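Model the following, please.
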Amino acid sequence: MALAAVVALPAFAVEPDESAKADTAFVFTDVVTIPDTSVKDQNKSGTCWCFSGTSFFEDEILRQGGDSLDISEMYTVRKCYEDKAERFVRLYGETNFAAGGSAMDVPYVWKKYGAIPEEVYSGLEYGENKHVHGELDAALSAYLKAVVSKPNKKLTSSWRKGVQGILDAYFGEVPETFTYKGKTYTPKSFAAAQPINVDEYVPLTSFTHHPYYEAFAIEVPDNWLWESYYNLPLDEFKAVVDNAIKNGYTVVWAADVSEGGFKWNDGVALMPKGKEEGDMNGTELSRWVKLSDKERSNDKYNFKAPVPEINVTPEMRQEMFDNQETTDDHGMVIVGSAVDQKGNHYYKVKNSWDTNNKYEGYFYVSEPYFLAKTVDILVHRNAIPAATAKKIGLKK
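Numbers count the residues shown, from 1 in each chain. This is a model prediction of the structure:
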């Protein structure tokens, strides 16, 4: 049974002051807030996929009456590095090997290898207090490129030991067993002790270059497992998220965050309407002509309060994906919904960039931004409306 969503005045909601009423500031009021675990910090590592997926599973454990856990991201990251390395070598280096991943990587590791609490395996064995993976990523990449070059004319039996050695040096050795809250576990038995059945989680997307209600592998480099996502019409895709939030389910959200309307420090992401005619920005002329203060104030990304936003269509969304204006940048977790002082609807999102922004690690994403810039989501199957579940062949 779904945990009832909490509808209340949140910590971030404040009474609109005169400046807000004059449209000079954002004032958000949370409509639905879903219990979630604390904001984490991926710091200088390309592991947002793991922080979002792990946070999502922590939230799912809460939803089902379990403890508030802090689960190791770096154990999952390590197991993915191991399997990425195996695939990279088997494919002669003709595939992606990088820090990035997809929404499906965390369920993949939980099912195949298990999970470990953060206090048992922090993955910080290299003199840093926070994750800094530049050296690690460079060392793994260089090593594997050397392996696939086959300087001995064939692979030796030791290359996998080299990968393990690098991972041990940075993350630490993985314990075969560990004690947590007085009980002894293996990674697999710890995962099995949680109220998580990875087969109950469904990946979804919405694009027009594949048939609706069928599954396809999203064509982005970080989908290294080549996992398939069910393809939904855009209105049904959004309805899944709305239904999930209404019924107390959080949602993994993979999206493009490189847009000018994504303002992390301000805690908001919008897709403002632009000046369609007479916009000099980006032209050759603009290099030599100084813009007036009035022209600068009309910059569509220079917003400090709610502004008109674009009307997103499936065709527009597809075009942005096809021309790679929409890219697979970042994984986060949708944990609720909100409205601004004008009544515009937003999704409340938990990030993994620490708590240093305006809303202490959370931010608000407008519906147009979500519709335009979402790459994919991951939800519990029971969060999908019955009619949509039937169309994609899910048994409720």
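
chain center to stretch 202-217, what's the gap?
Computed by C-alpha atoms, centre = their mean, to the nearest Å, the separation of stretch 202-217 from the middle of its chain amounts to 18 Å.

Next, name the residue at the spatial heart of the protein.
The residue lying closest to the centre of the chain (C-alpha atoms, centre = their mean) is residue 331, at 1.2 Å.

For that residue, give its distance to residue 118.
Look at residue 331 and residue 118: by C-beta to C-beta, to the nearest Å, they are 18 Å apart. From N, CA and C alone the C-beta is placed, and that goes for glycine too.

do residue 332 as well
The gap separating residue 332 from residue 118 is 19 Å, by C-beta to C-beta.

Give the residue from those two that has the larger number of neighbours.
A direct count of neighbours by other C-beta atoms under 10 Å for residue 332 and residue 118 places residue 332 higher, at 25 against 16.

and the more buried one, what does it touch?
For residue 332, the contact set (C-beta atoms under 8 Å, 6 or more residues apart in numbering) comprises 48, 52, 252-255, 349-352.

between the residues you listed, which has the most around it?
The member of these surrounded by the most neighbours (other C-beta under 10 Å) is residue 52, with 31 neighbours in all.

now the helix or strand harbouring that one: how far from the chain's centre is it?
Secondary-structure element containing residue 52, defined by DSSP states H and E: helix 48-63. Once both centres are worked out by C-alpha atoms, centre = their mean, helix 48-63 turns out to sit 10 Å from its chain's centre.

Now the terminal residues of stretch 56-73, how far apart.
Start to finish, the residues bounding stretch 56-73 are 12 Å apart (C-alpha to C-alpha, to the nearest Å).

Measure how buried residue 150 is and give me the count.
Using other C-beta under 10 Å, residue 150 has 12 neighbouring residues.

ok, it to residue 188 distance?
Separation of residue 150 from residue 188 (C-beta to C-beta) stands at 35 Å.

tell me the angle of the strand or helix carrying residue 338 relative to helix 48-63?
Element membership of residue 338, judged by DSSP H and E, is strand 330-339. Counting by axes from the mean of the first three to the mean of the last three C-alpha atoms, to 10 degrees, strand 330-339 lies at 50 degrees to helix 48-63.

and strand 330-339, which strands flank it?
Using DSSP bridges, the neighbouring strands of strand 330-339 in the sheet come out as strand 29-33 (antiparallel), strand 251-255 (antiparallel), strand 345-350 (antiparallel).

Turn those into TSV, columns for mean pLDDT.
Conversion of these to TSV gives the following (pLDDT from 0 to 100):
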stretch	mean pLDDT
strand 29-33	98
strand 251-255	98
strand 345-350	98
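
Output these as CSV; include the columns distance to residue 392.
As requested, those are arranged in CSV below (distance: least, C-beta to C-beta, whole Å):
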stretch, distance to residue 392
strand 29-33, 25
strand 251-255, 17
strand 345-350, 22
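
so which of those strands gets nearest residue 173?
Taking C-beta to C-beta as the criterion, residue 173 comes closest to strand 251-255 out of the strands paired with strand 330-339, the separation being 29.5 Å.

Just the CA atoms of the closest one, as CSV, please.
What follows is strand 251-255 as a C-alpha-only set of coordinates in CSV (Å, rounded to 0.1, in the frame of the first residue of the first chain):
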residue,chain,number,x,y,z
VAL,A,251,10.9,9.2,-9.0
VAL,A,252,14.4,8.9,-10.4
TRP,A,253,14.8,11.8,-12.9
ALA,A,254,17.5,11.9,-15.6
ALA,A,255,17.6,15.2,-17.5
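
quick one: that strand to chain centroid distance?
With C-alpha atoms, centre = their mean as the basis, the distance from the averaged C-alpha position of strand 251-255 to the chain average is 4 Å.

quick one: average confidence on the helix or strand that that strand is followed by?
Stepping forward along the backbone from strand 251-255, the first helix or strand reached (DSSP H and E) is strand 262-263. Average pLDDT, strand 262-263: 95.

ok, strand 262-263: who's next to it in the sheet?
Partner strands for strand 262-263, per DSSP bridges, with pairing direction: strand 268-269 (antiparallel).

Which residue ranges of the stretch 51-200 of the chain form strands?
In chain order, the stretch 51-200 of the chain shows strands spanning 178-180, 183-185, with DSSP state E, counting those that start in this stretch as the criterion.

Out of the ones you listed, which gets nearest to residue 110?
Put simply, out of those the one that sits nearest residue 110 is strand 183-185, at 13.6 Å, with distance taken as C-beta to C-beta.

what's that closest one in contact with?
Taking contacts as C-beta under 8 Å, 6+ apart, the residues outside strand 183-185 that touch it are 177-179, 193.

Make sure residue 223 is actually in contact with residue 102.
Yes: applying C-beta atoms under 8 Å, one finds residue 223 in contact with residue 102, separated by 4.8 Å.

which residues are in contact with both of those two?
Once C-beta under 8 Å, 6+ apart is applied, the residues that residue 223 and residue 102 both contact turn out to be residue 328.

quick one, which of these two is more surrounded?
A direct count of neighbours by other C-beta under 10 Å for residue 223 and residue 102 places residue 102 higher, at 29 against 24.

The more buried one and residue 85, how far apart?
Applying C-beta to C-beta, one obtains 17 Å for the distance of residue 102 from residue 85.

for residue 96, same thing?
Applying C-beta to C-beta, the value for residue 96 to residue 85 is 12 Å.

try residue 252
Counting by C-beta to C-beta, the gap from residue 252 to residue 85 is 25 Å.
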